[in-house]
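**Student:** Model the following, please.
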Amino acid sequence: MRCRLKVSELKKEESLAFDMLAPLFPDQTNSRVIDAQHKFAKKRYFNEYSWSPTDEIKAAITEAIFGKDF
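**Tutor:** Purely as a prediction, here's the structure:
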């Protein structure tokens, strides 16, 4: 089986990663407006590009490595 990277997906991920950075010079003209774009980008990034195994998957991995008696 050969695996390939989808360049378009990689570019989307990179762009979203840069969007997570807080602005270096926040806009001071309107103190009632909060620029939270980077916070939403961070949430979206981790929703789309991270994975956490379930307890069942963790147990299956542990059993595969150490056996059933572990």
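**Student:** Which positions within the helix or strand bottoming out on mean pLDDT in the chain qualify as buried?
**Tutor:** The weakest-scoring helix or strand in the chain, judged by mean pLDDT, DSSP states H and E, is helix 7-19 (a mean of 89). Across helix 7-19, burial judged by 16 or more other Cβ atoms under 10 Å covers Leu16. The way it works is simple: take the backbone N, C-alpha and C, and place the C-beta from them, glycine included.
**Student:** Next up, the contacts around the closest residue to Asp19 other than its chain neighbours.
**Tutor:** Nearest non-adjacent residue to Asp19, counting by Cβ to Cβ, 6 or more residues apart in numbering: Ala41, 3.7 Å away. Each residue near Ala41 by Cβ atoms under 8 Å, 6 or more residues apart in numbering is listed here: 16, 19-20.
**Student:** separation between Ala41 and Ile34?
**Tutor:** 14 Å (Cβ to Cβ, to the nearest Å).
**Student:** Over to Ala17?
**Tutor:** From Ala17 to Ile34 the distance is 22 Å (Cβ to Cβ).
**Student:** For the contacts of Ala41, give me CSV that also has distance to Leu10.
**Tutor:** Output for these, formatted as CSV (distance: Cβ to Cβ, whole Å):
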residue, distance to Leu10
Leu16, 11
Asp19, 15
Met20, 16
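**Student:** After the least confident helix or strand of the chain, which helix or strand is next? Please name it.
**Tutor:** Following helix 7-19 in sequence order, the next helix or strand is helix 37-49 (DSSP states H and E).
**Student:** So for that next one, what gets flagged as buried?
**Tutor:** 41-42, 45.
**Student:** In TSV: those residues, plus pLDDT and distance to Pro53.
**Tutor:** Listed next are the buried residues of helix 37-49 as TSV, based on pLDDT from 0 to 100; distance: Cβ to Cβ, whole Å:
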residue	pLDDT	distance to Pro53
Ala41	93	25
Lys42	93	21
Tyr45	92	19
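**Student:** What separation is there between the residue most central in space within the chain and Glu13?
**Tutor:** Nearest residue to the geometric centre of the chain (Cα atoms, centre = their mean): Phe46, 2.5 Å. Computed as Cβ to Cβ, the Phe46 to Glu13 distance reads 11 Å.
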